[in-house]
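Undergrad: I'd like to go over a predicted model; first the sequence, then the structure.
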Amino acid sequence: MSILSVAITLVVALLIAKPMGIYIAKAFDYEKTSLDRVFGPIESILFKIGGIKKVQQTWKQYALAVVCTNAFMIVLVYIVFRFQGFLPLNPSNVSSMEPTLAFNTAVSFMTNTNLQHYSGEDGLSYLAQMIGILFMMFAAPGTALAVAIAFIRGLAGKPFGNFFVDLYRAVVRVLLPFALVTGLIFIALGVPQTLSPAVMVNTLEGDVQEIARGPVGSFLAIKELGNNGGGFFGVNSSHPFENPNGISNLLQILLMFLLPTALPFTYGKMVGNGRQGRILFVSMTMIFVVLLSGAIISEYSGNPALNNIGIQAEQGNMEGKEVRFGSVQSAFYATVTTATETGAVNTMHDSLTPLGGLVALSNMMLNTVYGGVGAGFINVVMYAMIAVFLSGLMVGRTPEFLGKKIEGKEMKLIAVTLLIHPLLILGASAIALFTLLGSDAITNPGFHGISQVVYEFSSSAANNGSGFEGLDDDTPFWNISTGIVMFLGRFFSIVTMLAVAGSLAMKRAVPETIGTFRTDNGLFATILIGTIFIVGALTFFPVIALGPIAEFLTLR
C-alpha cells in the first residue's frame with residue numbers, strides 16, 4: 001500500500017508539471033498576457049512604490065543586481081537576528097543570536113539553503129520568524145526563479161529582462177498566490193497560525209510541559225513551495241504541528257515537486273523547443289526514479305546487521321522515523337527533499353541506512369535531479385551543454401546548442417562552474433576532518449563520521465539545508481565555514497552561467513543541417529544521463545567509498 005501511495009503521488013506531481021511550466025512562462029512574459037488583468041494593477045502600485053522601471057539589463061547588470069540586492073538583504077536580516085531579544089513579538093523572551101550564528105542563518109535563508117544551526121522554535125522570536133525568515137523564504141526562491149528565467153531568455157537570444165521586475169513577478173505571480181492557497185489548506189488540516197505564546201500544560205505524569213506554537217501555517221506553505229525547507233520547529237516536518245497527517249505530508253511533497261518539475265516545460269516554451277524541454281524533464285525523472293527505488297529498497301530492507309540477528313522491524317528501518325509515515329514514506333520524502341534542493345525532513349537523515357543516506361548525498365552532489373526553484377535547473381542545462389560538447393568532440397564537429405555554437409569561452413566558464421561545486425564540498429570537508437575545530441563536532445566516529453561532515457558541506461554547497469543532525473555544528477567554525485560555502489555555492493554559479501547565456505545571446509544562430517546533433521531525442525537523453533553519472537562518479541566516488549559505502553560494508 002505504501003508503494004502504491006508513492007506511485008500515485010509521483011504520477012500526480014508529474015501530471016501537474018506541464019501546466020505549471022506554461023503558467024510560469026506566461027508569468028514572466030513582457031508582452032501583454034491574460035495574467036496582467038489580475039496582477040497588473042498590483043504590480044503597477046508596487047513598481048511605483050519601489051521606483052522600478054522595465055528597463056532591459058545586460059547579463060552583467062542583471063548579475064550585479066542579483067548579488068548586491070541579496071547581499072543587502074543578508075545584512076538587513078542579520079541585524080534583525082542580532083537584536084531580536086530587544087524587539088517586539090517575542091513572547092517566549094528568545095535572546096539575540098550569537099554573531100556567527102546570525103551570520104550563518106542570514107546567509108542560509110537568503111541563499112535558499114535554510115540550513116539551521118539553531119533549534120527552530122527555541123532560536124527565533126515571532127518577529128524574526130516573520131520579517132526575517134518568512135521574508136527571505138519569498139525573496140530567495142524569487143531570486144532563483146528570476147535568474148533561471150533570465151538565463152533561459154539569454155539562451156533563446158532574447159533580452160535578459162530586468163531583475164527587479166522579474167523578482168516582483170516571481171513573488172506576486174507565482175509564489176504568493178500558491179502559498180496563500182496552500183497555507184489556508186495547511187491551517188484547515190490543523191497547522192497552527194497564531195501569535196499567542198507557548199501553552200503550558202500538565203502531563204499525565206504530573207509534570208508541566210511547554211508546547212510551542214506560532215504562525216506556522218504561513219511559514220509551512222512557502223517553506224515547501226519555494227524549496228526552502230527550514231523548519232519552524234526544530235524537528236521540522238516530523239513535528240505534528242508542522243505535518244499533522246498523511247494529507248499534509250502528501251501536499252508537502254507535491255509542493256516540493258511543483259516548481260522544479262515545471263521549469264523544463266517553462267524552458268521549452270520560452271526557447272521555442274518544447275521537445276527539448278520534455279527530454280530534460282524525462283531525463284531527470286529517470287534519474288530520480290532510479291535513486292528513489294534505491295532509497296526505498298534500502299530503508300524497507302532495514303539494517304543488515306539487525307536482519308542477521310533477527311530483530312529488524314517489520315516496516316524496515318524505523319530508527320529516527322515518524323511511525324505515522326513509516327520507512328517507505330520517509331524514504332520518499334528524503335529523496336524528494338534532496339532532489340528538489342528543499343531540505344525539509346520528516347525523518348532524521350542521520351538515521352537513514354548507509355545506502356539511504358547515499359541516495360540523499362547523491363542528489364545533492366549531482367545537484368541536477370530536477371534541481372530546485374531555479375539555480376538547480378541552470379545546472380541541468382549546464383550538463384546538457386557538456387553532453388553536447390562531448391558529443392561534438394567524438395564526431396569532430398563544433399558543438400551547437402539551440403542553434404548557437406559552444407566554443408572555448410563558454411566551455412571555460414562551464415568548466416569553472418562545474419569544478420566549484422565539488423571543490424567547495426571536498427575542500428571544506430578536508431579542512432573540517434583535518435582540524436580539531438571541525439572533527440570535534442563528529443558524534444559518531446568512523447565511516448559515518450565522514451558522512452556527517454561531507455553531508456553538511458554537500459547540503460551547504462547545493463543550497464539544500466538538510467543535515468545529518470548528529471553533527472554538533474553550532475560552533476563558530478561550522479557557522480562561518482558553511483556560511484561561506486552556502487554563499488559561494490549560490491552566487492558563483494549564477495554569475496558564471498549568466499555569463500554563458502550572455503555570450504551565447506550575442507551569437508548568430510547556425511542553420512540546422514543534416515550534420516547537426518539533435519538535443520531533443522532519446523539519444524541525447526541517454527548521453528545526458530550518462531554524462532551526469534560519469535562526471536558525478538569521477539568527482540565524488542572516492543569520498544563516497546570512504547563514507548556510506550564503507551559503512552554499508554561493515555554492516556554486512
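TA: Yep, it's here.
Undergrad: find out how far the longest helix along the chain is from the centre of the chain, if you would.
TA: Looking across the chain with DSSP state H, the single longest helix is helix 476-505. Mean-position distance between helix 476-505 and its chain equals 14 Å (Cα atoms, centre = their mean, to the nearest Å).
Undergrad: cool, and stretch 33-48?
TA: With Cα atoms, centre = their mean, you get 29 Å for stretch 33-48.
Undergrad: with stretch 439-449 instead?
TA: Relative to its parent chain, stretch 439-449 has a centroid offset of 26 Å by Cα atoms, centre = their mean.
Undergrad: what's downstream of the least confident helix or strand in the chain by mean pLDDT, the next helix or strand?
TA: Across the helices and strands of the chain, mean pLDDT, DSSP states H and E gives its lowest value to helix 304-308, namely a mean of 59. Using DSSP states H and E, the helix or strand that follows helix 304-308 towards the C-terminus is helix 326-339.
Undergrad: dihedrals phi and psi, the residue sitting nearest the centre point of the chain?
TA: Among the residues of the chain, the one closest to the centroid is residue 341, at 1.9 Å (Cα atoms, centre = their mean). Taking degrees, to the nearest 10, you get phi 60, psi 30 for the backbone angles of residue 341.
Undergrad: any stretches of the protein with poor pLDDT?
TA: Scanning the chain for pLDDT under 70 picks out the ranges 1, 303-315, 556.
Undergrad: quick one: the strands in it?
TA: 199-202, 208-211, 400-401, 404-405 (DSSP state E).
Undergrad: neighbouring strands of the third one in the sheet, and parallel or not?
TA: Using DSSP bridges, strand 400-401 pairs in its sheet with strand 404-405 (antiparallel).
Undergrad: what does the partner strand contact?
TA: 155, 157, 398-399, 504, 507, 509-510 (Cβ atoms under 8 Å, 6 or more residues apart in numbering). In short, each C-beta sits where N, CA and C put it, glycine included.
Undergrad: try 6 Å
TA: The contact list for strand 404-405, computed with Cβ atoms under 6 Å, 6 or more residues apart in numbering, reads 398, 504, 507.
Undergrad: the residue lying closest to the last one once chain neighbours are set aside: neighbour count?
TA: The spatial neighbour of residue 507 that comes closest, neighbours along the chain excluded (Cβ to Cβ, 6 or more residues apart in numbering), is residue 404 at 4.8 Å. Using other Cβ atoms under 10 Å, residue 404 has 20 other residues around it.
Undergrad: tally up the residues packed near the closest residue to residue 332 other than its chain neighbours, please.
TA: Spatially, and ignoring its direct neighbours in sequence, residue 332 is nearest to residue 6 (5.0 Å; Cβ to Cβ, 6+ apart). Counted by other Cβ under 10 Å, the residues lying close to residue 6 total 20.
Undergrad: how many residues are close by the nearest residue to residue 495 once chain neighbours are set aside?
TA: Distances taken as Cβ to Cβ, 6+ apart put residue 63 closest to residue 495, at 4.8 Å, once the chain neighbours are dropped. Using other Cβ under 10 Å, residue 63 is surrounded by 23 other residues.
Undergrad: just give the number of residues close to residue 498.
TA: Neighbour count of residue 498, defined by other Cβ under 10 Å: 23.
Undergrad: and the one 10 residues further on, by the same measure?
TA: Neighbours of residue 508 under the rule other Cβ under 10 Å: 9.
Undergrad: kindly report the same for the one 3 residues further on.
TA: Around residue 511 there are 7 other residues, counting by other Cβ under 10 Å.
Undergrad: residue 494 too?
TA: By other Cβ under 10 Å, neighbour count at residue 494 equals 25.
Undergrad: any figure for the gap between residue 90 and residue 197?
TA: Residue 90 sits 10 Å away from residue 197, going by Cβ to Cβ, to the nearest Å.
Undergrad: more neighbours: which of the two?
TA: residue 90 (18 against 15).
Undergrad: setting aside sequence neighbours, what's the nearest residue to that one?
TA: residue 125 (3.7 Å).
Undergrad: sorry, back to before: is it true that the residue nearest to the centre of the chain touches residue 376?
TA: Yes - shown here, residue 341 and residue 376 form a contact pair, counting by Cβ atoms under 6 Å, at 5.1 Å.
Undergrad: tell me the contacts of the residue nearest to residue 458 when sequence neighbours are not counted?
TA: Excluding the flanking residues, the one nearest residue 458 by Cβ to Cβ, 6+ apart is residue 364, at 4.3 Å. With contacts defined as Cβ under 6 Å, 6+ apart, residue 364 is in contact with 338, 458-459, 462, 464.
Undergrad: try residue 367
TA: Contact analysis of residue 367 by Cβ under 6 Å, 6+ apart lists 376, 379, 462.
Undergrad: against residue 393, how distant is the closest residue to it other than its chain neighbours?
TA: Leaving aside its chain neighbours, residue 367 sits nearest to residue 462 (4.7 Å; criterion: Cβ to Cβ, 6+ apart). Distance from residue 462 to residue 393, counting by Cβ to Cβ: 28 Å.
Undergrad: ok, residue 268 next?
TA: 26 Å.
Undergrad: for the two, indicate the residue with more neighbours.
TA: Between residue 268 and residue 393, counting by other Cβ under 10 Å, residue 268 is the more crowded of the two (24 against 11).
Undergrad: surely that one meets residue 275?
TA: No - because the distance of 7.1 Å does not satisfy Cβ under 6 Å, residue 268 is recorded as not touching residue 275.
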